[in-house]
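*Asks:* sequence unknown, structure follows:
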């Protein structure tokens, strides 16, 4: 699955298993929902800059990112990723279609009216001094979006005025297995283990879940609800987690399980919580693939997790902590299994049996940790990042629950579809997560 030159200006490679899964899901929702693609990522930052001509500087930085990380301009044809080296005309057309100056009053207003995208797209909102990035999940993952902001703001602070396209293909992101030197084809034992891992999740889901019309009502608008913790509360939660021997990620995820239990649909499987939580795998990759130089890549994986209910908050948090800490750390076998597991997943979601099976009503959980590990608060040229958020378009499938800290504040973001779930219910879930954390850790 390597990048291959097919003409003077065109490079292609097959998608890997996880990229393929996102292509399948995007195509499915697009075919049923006016072209809208499930799992399109979006992220907003609020900026202060010292530039006189900020628009030109922002546009040049976007062009510079394409040169430094050409993956940002890839498209998908069938199950192939495609990159085309641009001439001057093609470059101007790309800038015209992917760098958009929006008249919207803020990112929230923009989000209500955005159209489906062909390639990763950057929006500048002069009225609110905000930038919004939107990219397909087969192009980038959540941690990659934060790393993208770092690379982009670096380019904004230190512009390269001498960009000549033509050699950038050498920086196209390879699949993860290639960076680690793993063979593409699994052994029979690996194939059996990957299939068993997938079935342990597929045969158990859906577990407990909240009330949702998913599968029984038409898709509505994609929405994102947020809850921001005060600095002092955030610091207290971090300290309490440390003293109890589990991570903030495990604690927030456990609190979400508690919220799902409280607001569970009585007809769901109340005795088991079933999910596939997300693991950023960049720490296991060699440089430069582990760095912001390859932000525009899909270097993570979901891995199944389940626990019997009812279980106390502390027991769920400890179980999740062990799961997050040990699934990949010091476990090279699982790292090698990841590619085979995601290929099984990609194959399964294209079968009639999978498409006909009940869908989980709870949200997929994704912790981005401390955002400042990936994106700084300040850059050169007077650039300051005042606010940051990230979410995903939920068009026809599971909701997503993101959380991270930035500027010493814990932020929860719940991405959902208002055709399936009521906004006031989502707000209740977030408030319950907060209430559980305060009660269990700070009371």
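*Replies:* Nice, thanks for sending it over. Nothing here was measured: the structure is a model prediction, and the numbers come from that model. Residues are numbered from 1 along each chain as shown.
*Asks:* quick one, what contacts the spatially most central residue of the chain?
*Replies:* The centroid of the chain falls nearest to residue 142 when counting by C-alpha atoms, centre = their mean (3.0 Å). Residues near residue 142 by C-beta atoms under 8 Å, 6 or more residues apart in numbering: 41, 278, 280, 300, 366, 368, 390, 402. For the C-beta atoms, the positions are set from N, CA and C on the backbone; glycine is no exception.
*Asks:* what's the span of stretch 358-376, first residue to last?
*Replies:* Chord length of stretch 358-376, first to last residue, is 42 Å (C-alpha to C-alpha, to the nearest Å).
*Asks:* how about it: buried residues?
*Replies:* Neighbour counts using 16 or more other C-beta atoms under 10 Å place 360-369, 371-372, 374-376 of stretch 358-376 among the buried residues.
*Asks:* so how far is that stretch from its chain's centroid?
*Replies:* Centroid displacement of stretch 358-376 relative to its chain, using C-alpha atoms, centre = their mean, to the nearest Å, is 7 Å.
*Asks:* what secondary structure does the nearest residue to residue 111 once chain neighbours are set aside sit in?
*Replies:* With C-beta to C-beta, 6 or more residues apart in numbering as the criterion, residue 111 has its nearest non-adjacent residue at 6.8 Å, and that residue is residue 42. Put simply, residue 42 is strand when judged by DSSP: H, G, I helix; E, B strand; the rest coil.
*Asks:* ok, residue 42 touching residue 134?
*Replies:* Yes - using C-beta atoms under 8 Å, residue 42 is in contact with residue 134, at 4.7 Å.
*Asks:* residue 321: what's it in contact with?
*Replies:* 245-247, 250.
*Asks:* distance of it from residue 436?
*Replies:* Using C-beta to C-beta, to the nearest Å, one gets 16 Å for the distance from residue 321 to residue 436.
*Asks:* and residue 75, by the same measure?
*Replies:* From residue 75 to residue 436 the distance is 43 Å (C-beta to C-beta).
*Asks:* of those two, who's got more company?
*Replies:* A direct count of neighbours by other C-beta atoms under 10 Å for residue 75 and residue 436 places residue 436 higher, at 21 against 14.
*Asks:* just the pLDDT for the more buried one.
*Replies:* Here the pLDDT value assigned to residue 436 is 98.
*Asks:* tell me what the helix or strand hosting it is packed against?
*Replies:* If you go by DSSP states H and E, residue 436 is part of helix 423-437. For helix 423-437, the elements it packs on are strand 222-228, helix 248-262, strand 409-417, judged by 3 or more C-beta pairs under 8 Å, 6 or more residues apart in numbering; DSSP states H and E.
*Asks:* in that helix, what's buried?
*Replies:* 426, 428-430, 432-434, 436-437.
*Asks:* kindly reformat those as CSV containing distance to residue 394.
*Replies:* What follows is these, written out as CSV (distance: C-beta to C-beta, whole Å):
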residue, distance to residue 394
426, 11
428, 18
429, 14
430, 15
432, 20
433, 18
434, 22
436, 23
437, 24
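*Asks:* what residues are up against residue 158?
*Replies:* Contact analysis of residue 158 by C-beta under 8 Å, 6+ apart lists residue 380.
*Asks:* can you get me a residue count around residue 25?
*Replies:* 21.
*Asks:* over to it. Which of the three states is it?
*Replies:* Under three-state DSSP, the three-state class of residue 25 is helix.
*Asks:* kindly report the same for residue 139.
*Replies:* coil.
*Asks:* one more: residue 395?
*Replies:* Quick answer, by three-state DSSP: residue 395 is coil.
*Asks:* for it, give me phi and psi.
*Replies:* phi -100, psi -50 (degrees, to the nearest 10).
*Asks:* distance check, it against residue 217.
*Replies:* Relative to residue 217, residue 395 is positioned 13 Å away (C-beta to C-beta).
*Asks:* between those two, which one's more packed in?
*Replies:* A count of neighbours by other C-beta under 10 Å puts residue 395 above the other of residue 395 and residue 217, at 26 against 12.
*Asks:* verify the stated contact: that one with residue 219.
*Replies:* Yes - the pair residue 395 and residue 219 qualifies as a contact (C-beta under 8 Å) at a distance of 5.6 Å.
*Asks:* what touches both of these two?
*Replies:* With C-beta under 8 Å, 6+ apart, residue 395 and residue 219 have common neighbours 29, 33, 36, 417.
*Asks:* hmm, the second one is touching residue 221, no?
*Replies:* No - between residue 33 and residue 221 there is no contact, the gap being 11.0 Å when judged by C-beta under 8 Å.
*Asks:* residues contacting residue 312?
*Replies:* Taking C-beta under 8 Å, 6+ apart, we find residue 312 in contact with no residue.
*Asks:* make it 10 Å
*Replies:* 254, 258, 318, 440 (C-beta atoms under 10 Å, 6 or more residues apart in numbering).
*Asks:* what's the helix or strand for residue 95?
*Replies:* Secondary structure assignment for residue 95, by DSSP H and E: helix 88-98.
*Asks:* now do the closest residue to residue 70 other than its chain neighbours against residue 174, distance only.
*Replies:* Among residues not flanking residue 70 along the chain, residue 168 sits closest, at 4.5 Å (C-beta to C-beta, 6+ apart). Distance of residue 168 to residue 174, computed by C-beta to C-beta: 14 Å.
*Asks:* okay, those two: which has more neighbours?
*Replies:* A count of neighbours by other C-beta under 10 Å puts residue 168 above the other of residue 168 and residue 174, at 20 against 16.
*Asks:* what's the burial count for residue 284?
*Replies:* Applying other C-beta under 10 Å, we find 19 residues neighbouring residue 284.
*Asks:* dihedrals phi and psi, it?
*Replies:* With angles defined as degrees, to the nearest 10, residue 284 sits at phi -100, psi 0.
*Asks:* so it versus residue 190, what's the distance?
*Replies:* For residue 284, the distance to residue 190 - C-beta to C-beta - is 17 Å.
*Asks:* same check, this time on residue 222
*Replies:* 37 Å.
*Asks:* what does residue 131 give?
*Replies:* For residue 131, the distance to residue 190 equals 42 Å [C-beta to C-beta].
*Asks:* these two: who's more crowded?
*Replies:* Applying other C-beta under 10 Å to residue 131 and residue 190 shows that residue 131 carries more neighbours, namely 23 against 18.
*Asks:* so for the residue nearest to that one when sequence neighbours are not counted, what's the pLDDT?
*Replies:* Leaving aside its sequence neighbours, residue 131 sits nearest to residue 45 (C-beta to C-beta, 6+ apart; 5.3 Å). Looking at residue 45, its pLDDT reads 98.
*Asks:* correct me if wrong: residue 45 contacts residue 156.
*Replies:* No - with contact defined as C-beta atoms under 10 Å, residue 45 does not count as touching residue 156 (11.1 Å).
*Asks:* where do the contact lists of the two overlap?
*Replies:* residue 131.
*Asks:* quick revisit: for the shared contacts of residue 395 and residue 219, which single residue is the most surrounded?
*Replies:* Highest neighbour count within the shared contacts of residue 395 and residue 219: residue 417, with 25 neighbours (other C-beta under 10 Å).
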